[in-house]
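J.: here is a sequence together with a model predicted from it:
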Amino acid sequence: MVRAIFLAEPPTPTPLLAGTCRSGLDRARWTPPCPRPPPSNPHCPRPSRAPRRPPHHLYARIPERQRLADGTPDYIQLILSSKVYEVVKETPLTHAVNLSDRFGVWIGMKREDLQPVFSFKIRGAYNLMAHLRPEEKVSGVIASSAGNHAQGVAMSAKALGIKATIVMPLATPSIKYRNVGRLGSTVVLHGNDFDEAKRECSRLASENKLTNIPPFDDPHVIAGQGTVGLEILNQLDMHTLDAIFVCVGGGGLLAGIAASARLTLNEVGLFSDGTAVRVVGEETFRLCSSLVDEMLLVTNDELYTRSIPEPAGALAVAGVKRYIQKNTSSAPGSDSSRSSAVPTWTSIGSASSPNAPISASRGKLCSASSSQNSRAVTEFSYRFSSTSQAFIFVSFRLSSLSSATLSPGEARRQEIEGILQAVSDDPLGMKPRDISNNEMAKSHARYLIGGRVAVENERLISFAFPERPGALRKFLVVLSGAESESTKFNITLFHYRNHGGDLSKVLAGIQVPPADQDHFESFLENLDTRSPMKLKM
């Protein structure tokens, strides 16, 4: 039997531990991750082991007795002497039964969702604040956050009797800033995004002589998060552990677990999945560069699960599923009919749009829907546009039945090929195309089932820009040429949908006569949005 563990914190970024080899394991089917595996993603290689210059300016609070010979913090000492258990409790390691059954490995969850603020963030925040000098505690603290760090600082301040101010962006959901207010902290709403809130936080800290509590890049914060790793060491037979999977945003949790786990886990792989933090911290990067084995990138689709945690909380789960799929051809003891790592979806479309064209006559739509009657259809879109041809967009769940010789990924590929062939052979005469990996189609085209329009010189462009109040209006003003006649183009199609993330996605159709092509290209290059991407349709 294979044994694996992951840390689960559904509402927030979640560290994750994964599986080991035990007696009875069919090693022909399972490739254990020891010794350290090569990078699974060529665009996201194993972090460099080259030494990083320590950010000594972050070590002012660390006494000499808790430093190593090179002047850097001794994180084992810091973790062992942390003060987090004055306010938090040791969280259990729970068996993830369904995931274990699917993959034939023992997978466990570290339940950081059971903390008082439902997040590990309170560990680092409290540990740093408990180590403040008396005069700093009297003056008060400040932090900028739109998430769990804010609640961690607020609860820590309440427990320690320290005045706290939390700066949050204007777009912060009311439930978040009200929770912070209920804990007794002062909430300041400022700025259209986190960067503006962070700058205001720095200004207020300097003006009012407040101590800024960072969310990750501080040795005491890292040590506080590192107590998670120490608990794992005490809760598990470490001889049965292969790898630890941890979500990384700023890197505080990853660095802390890496520093504590490496005490005994020299042969255990440590993997990381990224969350949406623009730049990791100096100290966290220094630690992760030398202690983390590999960085994994997972797609948004891989985050979709039957439960609905905050997306960051699903990262570690998606990472361990990806890793197990890559390192096992067929997990022994698992039910292969349920071995799809994540709910896998596919869409059928034509060569130029996410539609399957068929001849448009009465009864054909019903017949088309019946062609997938053995599958769980999750989306079926159609709109009449022509008497000669109809276009259909279909999404359905794959069974991904694997065999003893096929990995889940190979089984999925073969299943999709079989579906496309079956649809092509159907008497309806449909011409299908798999667009599962077409992000533009999944974000926009699926909502635009309305037939074709004969528009000359139309270009379809996909844009992405930061989501903030007024951003869509500003984008429309610029795109429509309201600010300047020289940039005025005729918009023939427009689709925007708020996905609840930090970026907005827009699909726009724009008429560009041949004589205006160079001018249009220059307009795109100068457009004040993030990475506009041209797509051929």
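T.: Sure thing, it's come through.
J.: make it CA atoms for all contacts and neighbour counts henceforth
T.: Fine.
J.: partners of the helix or strand hosting residue 166, with directions?
T.: Using DSSP states H and E, residue 166 maps to strand 164-168. Next to strand 164-168 in the sheet, as set by DSSP bridges, lie strand 141-144 (parallel), strand 186-189 (parallel).
J.: touching the last one from outside, list them.
T.: Going back to what we said before, that points to strand 186-189. Strand 186-189 has contacts (C-alpha atoms under 8 Å, 6 or more residues apart in numbering) with 164-170, 177, 180-181, 197.
J.: now with 10 Å?
T.: With contacts defined as C-alpha atoms under 10 Å, 6 or more residues apart in numbering, strand 186-189 is touched by 142-144, 146, 150, 154, 163-172, 177-178, 180-181, 197, 200-201.
J.: drop anything exposed from those.
T.: The neighbour-count criterion (16 or more other C-alpha atoms under 10 Å) marks 142-144, 146, 150, 154, 163-172, 177, 180-181, 197, 200-201 among those as buried.
J.: one step back: of the strands paired with strand 164-168, which is nearest residue 242?
T.: Residue 242 sits nearest to strand 141-144 of all the strands paired with strand 164-168, at 36.5 Å, using C-alpha to C-alpha.
J.: tell me which helix or strand comes right after the closest one.
T.: Defined by DSSP H and E, the subsequent element after strand 141-144 is helix 148-160.
J.: the strands in the stretch 151-300 of the chain, which residues?
T.: Taking DSSP state E, counting those that start in this stretch as the criterion, the stretch 151-300 of the chain contains strands spanning 164-168, 186-189, 211-212, 243-248, 269-274, 294-296.
J.: to residue 464, which of those strands lies closest?
T.: Ranking these by proximity to residue 464 (C-alpha to C-alpha) places strand 269-274 first, at 19.6 Å.
J.: could you list the domains of the chain?
T.: 2-118+219-333, 141-209, 345-443, 453-534 (automatic domain parsing).
J.: check the ones you listed for me: which has the lowest mean pLDDT.
T.: Mean pLDDT per stretch puts domain 345-443 lowest among these, at a mean of 62.
J.: relative to helix 148-160, how tilted is the strand holding residue 166?
T.: Taking axes from the mean of the first three to the mean of the last three C-alpha atoms, to 10 degrees, one finds strand 164-168 and helix 148-160 inclined to each other by 170 degrees.
J.: break down the stretch 351-500 of the chain into its strands, ranges please.
T.: 377-382, 392-397, 458-466, 490-497.
J.: so what strands line up beside the longest one?
T.: Meaning strand 458-466. strand 503-511 (antiparallel), strand 530-534 (antiparallel).
J.: quick one: residue 226 from residue 149, how far?
T.: Residue 226 sits at a distance of 16 Å from residue 149 (criterion: C-alpha to C-alpha, to the nearest Å).
J.: of those two, who's got more company?
T.: residue 226 (29 against 25; other C-alpha atoms under 10 Å).
J.: who's in contact with the more buried one?
T.: Here residue 226 is in contact with 75-76, 78-80, 82, 123-124, 220, 252-261 (C-alpha under 10 Å, 6+ apart).
J.: next, format the strands of the stretch 351-500 of the chain as TSV and append mean neighbour count.
T.: As requested, the strands of the stretch 351-500 of the chain are exported to TSV (neighbours: other C-alpha atoms under 10 Å):
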stretch	mean neighbour count
strand 377-382	15
strand 392-397	21
strand 458-466	18
strand 490-497	15
